[in-house]
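>>> sequence plus the predicted model coming up.
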Amino acid sequence: MGVSPFTFYRGAALPMAADLAANPSTGIITQLCGDAHLSNFGLFASPERAELFDINDFDETLHGPFEWDLQRLAASLVVAGRSRGFAAHDNRHAVHRAMHSYRARMIEYAAMRAIDVYYASVSVAGILTYVNKRARPMIESAVHSAAHHDALHDLSKLTAVVDGKRVIVDRPPVIVHRAEVVSPLVDAVIVDYRESLQEDRRVLIDRYEIVDIAMKVVGVGSVGLVCAIGLFFASEGDVLFLQVKQVRESVLEAHAGGTPFASHGERVVVGQRLMQAASDIFLGHMVGVRGRHFYVRQLRDVKVRPMVEVFTPANMRNFARNCAWALARAHARSGDPAVLAGYIGGGGVLADAIATFAVAYAEQNLRDHALLVEAVRDGRVEATFED
């Protein structure tokens, strides 16, 4: 989090939740992503292998005022734009593009049948119809890259044959074998996780046998939590990687109320299925032997996240529009799109208000990051540095 204001922002969902809760609320409740910054959107493959654009991180998902997701997204656009050195008007323009997209899509969803909203998705083909010719090569390149991000692609990158057995390769500090931590997960994966799956997915997972498991550090906000990857084989060349990720209470729970589910893993799974157009077929949950809560999903299944570090202002605007489109679809599935569209109205009042907030919060984020860096420098906060 100390690397830059942008990395700080990605890891600072908790303080932002407290900041948002201190402000007036619309009271219009939907299922929230809870951490809807722009790096938590991207491309992935549906179970039918269609290429979709959607939210891809639900660790903080919970019900709450719909505008909290919009504010988290909008501020991330300004923070990311500043990290790229964009002009202030470019950053504000990106927020306006996102909010106008959200409004336009919500008006569409308000006029649709409920079942059609449920079936709606943000397809790559749909995205391409809304971008200019100069922006298409970047999207098409990302789609081409995504098509090769599957388990077979990762097999040679993550594993090696040692003493005649295929195992996950240690790459400290990111990937390490720690038997005392991951071994207790194996029984829970085989029993509790399996029980959380639908019957047809149980039949599928039963074809695979776990052959190795190792810890893997992921994300900015998840550092310090247990995360492991499991290597499974059904036969030679038929490989599956599952990610087992610890999850705690949502950062929103102190401000929006607790979860009705038995575990936080179940909270994540239900929230993801509710908000995402097409969820991973292996998505499930479990509670470990030490009482830790986990959810499980495929490590990679044609997933590509945005390369913010190479964005141009035009790229940012296009990506902002797509993020807001996906967010509108998710909110329309869990909330009442007619109420949302009616509240937003036909003008630019919401866009102006959210843009003003985003600029102000980017300044707050800059100050908070500086305080963290100072605390690390003074030794008041202990930090680990990576090469």
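It's in. This is a predicted model, so every value here is computed, not measured.
>>> do you know the pLDDT at the residue nearest the centre of the chain?
Centroid-nearest residue in the chain: Asp57, 2.0 Å away (criterion: C-alpha atoms, centre = their mean). Looking at Asp57, its pLDDT is 93.
>>> can you check Pro137 too?
Reading off the model, Pro137 has pLDDT 65.
>>> which residue ranges of the stretch 51-200 of the chain form helices?
According to DSSP state H, counting those that start in this stretch, the stretch 51-200 of the chain carries its helices in the segments 67-83, 88-110, 114-119, 124-128, 136-146, 151-158, 179-188, 194-196, 199-205.
>>> and if you look at the stretch 201-350 of the chain?
Going by DSSP H, counting those that start in this stretch, the stretch 201-350 of the chain shows helices at 253-256, 264-275, 313-334, 337-344, 349-377.
>>> got the angle between the last one and helix 88-110?
To tie it back to what came earlier, the one meant is helix 349-377. Helix 349-377 runs at 130 degrees relative to helix 88-110, counting by axes from the mean of the first three to the mean of the last three C-alpha atoms, to 10 degrees.
>>> cool, and the third one?
Interaxial angle, helix 313-334 versus helix 88-110 (the same axes, to 10 degrees): 30 degrees.
>>> export only the CA atoms of helix 313-334, formatted as CSV.
Extracted in CSV, the C-alpha atoms of helix 313-334 (Å, rounded to 0.1, in the frame of the first residue of the first chain):
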residue,chain,number,x,y,z
PRO,A,313,-7.1,9.3,-21.2
ALA,A,314,-9.2,7.8,-24.0
ASN,A,315,-8.6,4.3,-22.6
MET,A,316,-9.6,5.4,-19.2
ARG,A,317,-12.9,6.9,-20.4
ASN,A,318,-13.8,3.8,-22.3
PHE,A,319,-12.9,1.6,-19.4
ALA,A,320,-14.8,3.8,-17.0
ARG,A,321,-17.9,3.4,-19.2
ASN,A,322,-17.6,-0.3,-19.2
CYS,A,323,-17.1,-0.5,-15.5
ALA,A,324,-20.2,1.5,-14.9
TRP,A,325,-22.2,-0.5,-17.4
ALA,A,326,-21.3,-3.7,-15.5
LEU,A,327,-22.1,-2.1,-12.1
ALA,A,328,-25.5,-0.9,-13.4
ARG,A,329,-26.4,-4.4,-14.5
ALA,A,330,-25.3,-5.8,-11.2
HIS,A,331,-27.3,-3.3,-9.2
ALA,A,332,-30.4,-3.8,-11.4
ARG,A,333,-30.3,-7.5,-10.7
SER,A,334,-30.3,-7.0,-6.9
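>>> contacts for stretch 352-363?
5, 16, 19, 67, 70-71, 74-75, 77-79, 82, 88, 91-92, 95-96, 99 (C-beta atoms under 8 Å, 6 or more residues apart in numbering). The way it works is simple: take the backbone N, C-alpha and C, and place the C-beta from them, glycine included.
>>> kindly report the same for stretch 199-219.
Contacts for stretch 199-219 (C-beta under 8 Å, 6+ apart): 57, 159, 165-168, 170, 173-178, 181-183, 185-186, 189-190, 194, 197, 223, 226-234, 238, 240, 243-245, 281-282, 284.
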